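**Student:** Here's my sequence, what's the structure:
(one chain, ligands or ions: 3)
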Amino acid sequence: MKPVKVGICGLGTVGGGTFNVLTRNAQDIARRAGREIIIAQVATRHPNPDVDTGAVAITADVNDVINNPEIDVVVELIGGYTIAKDVVLGAIANGKHVVTANKALIAVHGDEIFAAAEAKGVSVMYEAAVAGGIPIIKAIREGLAANRINWLAGIINGTGNFILTEMRDKGRDFADVLAEAQALGYAEADPTFDVEGIDAAHKLTILSSIAYGIPLQFARCYTEGISKITTDDVEYAEELGYRIKHLGVSRRTEKGIDLRVHPTMIPVARPIATVDGVLNAVMVNGDAVGDTLYVGAGAGAGPTASAVVADIIDLARTFDAPAEASVNHLAFNDIEDVAVLPMEEVETAYYLRIQAEDKTGVLAAVASILSERGINIEAIIQKEPKDGEALAQIILLTHVVVEKQMNEAIAAIEGLASTVGDVTRIRVEHLN
Ligand SMILES: NC(=O)c1ccc[n+]([C@@H]2O[C@H](COP(=O)([O-])OP(=O)(O)OC[C@H]3O[C@@H](n4cnc5c(N)ncnc54)[C@H](O)[C@@H]3O)[C@@H](O)[C@H]2O)c1
Ligand SMILES: N[C@@H](CCO)C(=O)O
Ligand code: NA
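**Tutor:** Ligands and ions are numbered 1, 2, ... in the order given. Sure thing, here's the model as predicted:
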């Protein structure tokens with residue numbers, strides 16, 4: 001059978017990994033795809049010392065790849081919204097299939113890209129864009145296709161999980177661990193995308209579209225980062241039987257779809273709570289299947305390449321199929337425009353940490369603010385001031401409440417004369 005010819009744009013962490021996996025496993029890949037997959041050309045701005053490109057043609061100009069008549073599949077591994085978007089749309093316009101790892105591009109410009117692909121009868125594949133090496137897109141769109149998905153929740157940023165794990169286990173400094181994640185090739189070009197939850201929000205946007213058949217709505221995803229988590233909160237969470245993870249949560253409710261990324265306390269007894277380091281994990285609950293959990297490396301050259309190459313193989317397998325057989329990009333034929341819930345209407349439980357003067361009466365005042373708003377307390381710990389500190393800490397766990405009510409309660413607590421500074425709030429999810 002005629003080989004499939006691939007052009008790779010970007011030869012960094014993921015591009016280099018993709019080149020190496022395609023080369024190293026060429027024989028098995030050909031057996032699986034039913035035909036050879038050949039790298040015809042690579043476009044890159046920088047050479048990659050981990051890759052021996054041998055006789056493969058290298059160019060600095062992506063247009064050489066997009067316009068190369070020999071190339072069937074363009075693999076976009078540059079990143080960002082500018083050149084990457086031109087590469088993807090240019091390849092589609094030239095009738096080429098596209099494989100990308102670029103979640104930012106899909107989450108923000110997916111509608112335009114998929115419409116262009118459908119008009120041309122080509123496919124755009126993006127398994128590597130969400131949770132790296134975990135085949136989560138395939139799992140939801142194919143393996144769970146029978147289900148009405150009720151909710152999903154995931155640790156979907158490897159850099160952030162690596163930082164939280166190293167801080168908790170080794171007491172390491174935030175900036176120091178972030179620098180290591182960058183050196184290991186895990187972080188985004190702009191690492192604030194990782195630590196502020198933007199990258200996770202891109203991925204959650206994509207997962208939610210596939211799970212519920214709703215439009216890509218990145219702009220409506222609530223996003224909160226991990227940079228304000230303190231070692232005190234990590235310690236108190238553990239004392240209460242919880243672990244703090246940076247979680248993307250999406251839930252189908254009667255009022256709309258809940259779509260949010262924030263630090264989250266999860267009971268340590270939940271398997272997802274023990275997923276550490278650069279590993280990612282996604283829990284998906286379907287009405288027929290119940291809970292399912294997917295775990296694997298969420299970033300890095302090999303794991304991400306594993307997903308990129310799987311997409312190329314999928315394309316190669318159906319290469320002679322008619323154009324109408326191109327993938328249904330968001331997994332549903334009818335996209336239903338279900339509203340995304342504003343954060344104020346989301347219902348969740350909370351951990352609160354309140355700093356207070358070490359006087360009697362504070363606890364009673366806090367408790368009455370909560371009870372006046374119908375907020376039930378599940379657990380409470382009072383910590384006397386540590387050596388050299390003047391303030392005591394009150395740590396509370398609440399039952400589930402509407403966020404708006406909690407906002408009001410927090411404002412009232414902060415307004416008490418005996419409390420000091422901002423109240424720390426971490427949302428709590430029991431994932432059941
Ligand atoms: N690193 C990971 O673990 C990981 C995992 C999943 C998805 N991703 C996504 O994969 C994409 C690539 O990430 P990366 O970590 O490999 O980035 P990287 O910075 O390591 O590599 C980018 C590559 O693009 C090349 N490049 C930049 N501008 C170019 C241009 N104008 N023309 C040709 N080449 C150009 C660079 O020379 C480099 O080889 C991004 O969308 C990222 O979000 C990365
Ligand atoms: N920067 C991303 C890469 C994988 O998408 C992460 O750390 O998860
Ligand atoms: Na994946």
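**Student:** gap between Thr292 and ligand 3?
**Tutor:** Distance, Thr292 to ligand 3, by CB to the ion, to the nearest Å: 15 Å. No exception for glycine: its C-beta is placed from N, CA and C like everyone else's.
**Student:** for Gly415, same thing?
**Tutor:** From Gly415 over to ligand 3 (counting by CB to the ion), the distance is 46 Å.
**Student:** Equivalent analysis for Pro135, please.
**Tutor:** Taking CB to the ion as the criterion, Pro135 is separated from ligand 3 by 6 Å.
**Student:** pretty sure that residue is touching Ala310, no?
**Tutor:** Yes - in this structure, Pro135 sits in contact with Ala310. The criterion is CB atoms under 8 Å, and the distance is 6.8 Å.
**Student:** Now for those two: what residues contact both?
**Tutor:** When contacts are counted by CB atoms under 8 Å, 6 or more residues apart in numbering, the set common to Pro135 and Ala310 consists of Glu127.
**Student:** any residue of the host helix or strand of Arg168 up close to ligand 1?
**Tutor:** For Arg168, the element it lies in under DSSP states H and E is helix 158-170. No - against ligand 1, helix 158-170 shows no contacts by CB under 6 Å from any ligand atom, the least distance being 6.7 Å.
**Student:** contacting residues for Glu389?
**Tutor:** For Glu389, counting by CB under 8 Å, 6+ apart, there are no contacting residues.
**Student:** mind checking the SS state of it?
**Tutor:** Going by DSSP: H, G, I helix; E, B strand; the rest coil, the secondary structure assigned to Glu389 is coil.
**Student:** how far away is it from Ala91?
**Tutor:** 59 Å (CB to CB, to the nearest Å).
**Student:** how many neighbours does Glu224 have?
**Tutor:** 19 (other CB atoms under 10 Å).
**Student:** What does the pLDDT read for it?
**Tutor:** If you check Glu224, the pLDDT there is 97.
**Student:** before we move on, what about Ala323?
**Tutor:** Model confidence at Ala323, expressed as pLDDT, equals 68.
**Student:** circling back: immediately after the helix holding Arg168, which helix or strand?
**Tutor:** Note on helix 158-170: by DSSP H and E, the next helix or strand toward the C-terminus is helix 174-183.
**Student:** Quickly check: whichever strand or helix holds Ser209 near ligand 1 or not.
**Tutor:** Using DSSP H and E, the element containing Ser209 is helix 198-212. No - contact check for helix 198-212 against ligand 1, using CB under 6 Å from any ligand atom: none in range, with a minimum separation of 7.3 Å.
**Student:** Which SSE is immediately downstream of that helix?
**Tutor:** Next in sequence after helix 198-212, counting helices and strands by DSSP H and E, comes strand 222-223.
**Student:** for that next one, the distance to its chain's centre please.
**Tutor:** In this view, strand 222-223 has its centroid 12 Å away from the chain centroid, taken as CA atoms, centre = their mean, to the nearest Å.
**Student:** which residues are contacting the following helix or strand past it?
**Tutor:** Next in sequence after strand 222-223, counting helices and strands by DSSP H and E, comes helix 231-239. Applying CB under 8 Å, 6+ apart, the set of residues contacting helix 231-239 from outside is 167-168, 171, 243-244, 265, 268, 351, 353, 381, 383, 393, 395, 424, 426.
**Student:** now helix 231-239 against helix 158-170, angle please.
**Tutor:** Between the direction of helix 231-239 and that of helix 158-170, the angle (axes from the mean of the first three to the mean of the last three CA atoms, to 10 degrees) works out to 80 degrees.
**Student:** And helix 231-239, how far out from the chain middle?
**Tutor:** 24 Å.
**Student:** ok, Ala367 to ligand 2 distance?
**Tutor:** Here Ala367 is placed at a distance of 40 Å from ligand 2 (CB to the nearest ligand atom, to the nearest Å).
**Student:** How about Pro215?
**Tutor:** Using CB to the nearest ligand atom, which is the criterion applied here, Pro215 is 22 Å from ligand 2.
**Student:** and that residue, backbone torsions?
**Tutor:** The main-chain torsion angles of Pro215 are listed as degrees, to the nearest 10 and equal phi -70, psi 160.
**Student:** Identify the residue spatially nearest to Leu204, adjacent ones excluded.
**Tutor:** What sits nearest to Leu204 in space, not counting adjacent residues and going by CB to CB, 6 or more residues apart in numbering, is Gly248, at 3.6 Å.
**Student:** give me every residue that touches that neighbour.
**Tutor:** Each residue near Gly248 by CB under 8 Å, 6+ apart is listed here: 153-154, 156, 200-201, 203-204, 207, 260-261.
**Student:** anything in the helix holding Arg168 near ligand 2?
**Tutor:** Yes - against ligand 2, helix 158-170 shows contacts by CB under 6 Å from any ligand atom at 158-159.
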